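> build me a structure from this.
(one chain, ligands or ions: 2)
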Amino acid sequence: MILLSTDKMKAAMLHGVKDLRVENVDKPRVGDGEILVKVKAATTCGTDLKILQRGYVSGVIKLPTVFGHEWAGDIAEVGKGVSYFEKGMRIRGGNSSPCLRCYMCQKGKFNLCEDMMWLWGAYAEYIKVPQRIVMLNTQVIPDHLSYEEAAITEPLACVLHGIEEAGVKLGDSVAIIGAGPIGLLHLLTVRRMGAGKVIISDTIDERLKIAQKLGADETINAKQEDTVERTKKLTQGYGADVVIEAIGMPTTWEQALRMVRKGGTVLEFGGCPPETEIKVSTEQLHYGETTVMGAFHTTPAHFKKALNLIASGTINVKPLITNRMKLDDIKQAFETLTTSKTDIKIAVLP
Ligand SMILES: [Zn+2]
Ligand SMILES: [Zn+2]
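Numbering: from 1, shown residues only. Ligands and ions are numbered 1, 2, ... in the order given. This is a model prediction of the structure:
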């Protein structure tokens with residue numbers, strides 16, 4: 001009986017769309033090069049919510065599966081051959097690791113690796129970190145940093161990657177569509193990068209208020225105002241230097257194109273449902289010289305940079321954690337995220 005209980009752990013298992021169950025599952029066994037981590041905090045993410053509600057992202061996740069991908073914790077066990085990491089260390093780990101061998105990796109596009117290793121299982125008492133992630137995408141957390149803040153390294157790493165690709169420069173006007181966790185992380189980051197005017201739009205006033213507190217110069221409630229017109233007005237009629245879509249809907253992807261100035265950049269950041277399309281005017285690309293780009297995931301270097309920015313206080317992610325819940329109440333946590341107007345990210349504590 002005692003033996004059985006130590007071999008088992010609590011974990012949230014995703015069985016299908018809207019079917020998430022907290023179950024007693026086998027505690028992972030650590031192999032060579034791997035580490036087992038006692039999860040101390042996991043944070044909810046828009047991606048998890050999308051997968052739970054819409055059930056896509058094929059290739060990235062296979063059902064049934066352990067779930068959740070933003071986490072930090074204490075090392076409980078270390079496999080043979082692991083150097084540097086020791087039992088008891090406070091760490092965070094990424095949810096991916098590139099292969100370093102494929103064509104994309106050799107080109108330095110690690111986020112587009114053809115053989116990416118993905119790691120799920122943050123909503124659990126323990127998570128096993130595979131060798132490749134131990135090697136390339138695991139870091140020790142400084143003592144002063146909380147586990148929940150460290151868990152936010154993952155979305156910030158994605159945001160840093162996108163913003164770097166988009167080339168946000170000192171003094172740029174930046175318009176962000178969406179004041180959810182990802183939109184707000186973009187806001188915090190471009191603010192730090194010396195953006196000039198930062199405009200953010202959403203349909204929920206409460207979120208816009210949070211955006212204001214986090215440094216937005218102008219907020220637009222898209223239900224009450226024409227976002228495109230207002231953005232133009234706020235930029236002397238030109239449109240923003242950089243527009244960032246942080247929702248993931250084809251309509252807002254297209255809206256972003258109407259908010260950018262000539263020669264400006266549109267970063268389509270939010271992932272849309274599969275098989276959707278948008279229309280882009282050839283004239284805008286030719287005469288308007290608009291740069292339209294997507295951004296997917298991130299790289300180990302960005303994970304490291306994100307953790308450092310959080311740890312140094314350069315990017316303060318604390319205000320994004322608006323609620324804390326027990327692992328047993330994970331379903332409630334996602335319910336809350338869909339209904340609450342003020343909750344941004346919930347820390348799930350085992
Ligand atoms: Zn995430
Ligand atoms: Zn690769």
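> contacts and neighbour counts: CA atoms only from here.
Fine.
> skip the chain neighbours and tell me the closest residue to residue 148.
residue 41 (5.2 Å; CA to CA, 6 or more residues apart in numbering).
> packing partners of whichever strand or helix holds that neighbour?
In the assignment (DSSP states H and E), residue 41 maps to strand 35-43. Packing partners of strand 35-43 (3 or more CA pairs under 8 Å, 6 or more residues apart in numbering; DSSP states H and E): strand 71-78, strand 126-129, helix 147-151, strand 345-349.
> pLDDT at the single nearest residue of the stretch 251-350 of the chain relative to ligand 2, what is it?
Using CA to the ion, the single residue of the stretch 251-350 of the chain nearest to ligand 2 is residue 299, 11.0 Å away. Looking at residue 299, its pLDDT is 98.
> any idea how far it lies from residue 100?
11 Å (CA to CA, to the nearest Å).
> mutual contacts of those two, please.
residue 110 (CA atoms under 8 Å, 6 or more residues apart in numbering).
> could I get the buried residue list for stretch 333-347?
For stretch 333-347, a neighbour-count test (16 or more other CA atoms under 10 Å) marks 333-334, 336-337, 342-347 as buried.
> next one: that stretch to chain centre, how far?
Stretch 333-347 sits 15 Å away from the centroid of its parent chain (CA atoms, centre = their mean, to the nearest Å).
> output it as PDB, restricted to C-alpha atoms.
Provided in PDB are the C-alpha atoms of stretch 333-347 (Å, rounded to 0.1, in the frame of the first residue of the first chain):
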ATOM      1  CA  ALA A 333      -9.200  27.100 -13.200                       C
ATOM      2  CA  PHE A 334     -10.000  26.900 -16.900                       C
ATOM      3  CA  GLU A 335     -13.600  27.700 -16.300                       C
ATOM      4  CA  THR A 336     -12.500  30.800 -14.500                       C
ATOM      5  CA  LEU A 337     -10.200  31.900 -17.300                       C
ATOM      6  CA  THR A 338     -13.100  31.700 -19.800                       C
ATOM      7  CA  THR A 339     -15.600  33.600 -17.600                       C
ATOM      8  CA  SER A 340     -13.500  36.000 -15.500                       C
ATOM      9  CA  LYS A 341     -12.700  39.500 -16.900                       C
ATOM     10  CA  THR A 342      -9.900  40.200 -14.600                       C
ATOM     11  CA  ASP A 343      -8.000  36.900 -14.500                       C
ATOM     12  CA  ILE A 344      -4.900  36.800 -16.700                       C
ATOM     13  CA  LYS A 345      -2.900  33.800 -15.600                       C
ATOM     14  CA  ILE A 346      -3.700  31.300 -12.800                       C
ATOM     15  CA  ALA A 347      -0.900  29.600 -10.900                       C
END
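> which residues does it contact?
Contacts of stretch 333-347 with the rest of the structure, by CA under 8 Å, 6+ apart, involve 41-45, 49, 148, 180-181, 204, 206-207, 320-325.
> so for residue 299 and residue 100, which residue has more residues nearby?
residue 299 (26 against 17; other CA atoms under 10 Å).
> gap between the two ends of stretch 240-259?
End-to-end distance for stretch 240-259, by CA to CA: 6 Å.
> what's it in contact with?
166, 168, 172-180, 182-183, 228, 231-232, 239, 260-261, 263-273, 276-280, 292.
> the residues you listed in helices, which ones?
Cross-referencing these against helices under DSSP state H gives 166, 182-183, 228, 231-232.
> ok, those residues vs residue 55, which is closest?
residue 182 (19.7 Å; CA to CA).
> my read: that closest one touches residue 155, true?
Yes. Applying CA atoms under 8 Å, one finds residue 182 in contact with residue 155, separated by 7.1 Å.
> grab the nearest non-local neighbour of the residue of the stretch 1-150 of the chain found nearest ligand 1.
Ligand 1 sits closest to residue 45 of the stretch 1-150 of the chain, with a gap of 4.6 Å, by CA to the ion. Of all residues not flanking residue 45 in the chain, residue 345 sits nearest, at 6.8 Å (CA to CA, 6+ apart).
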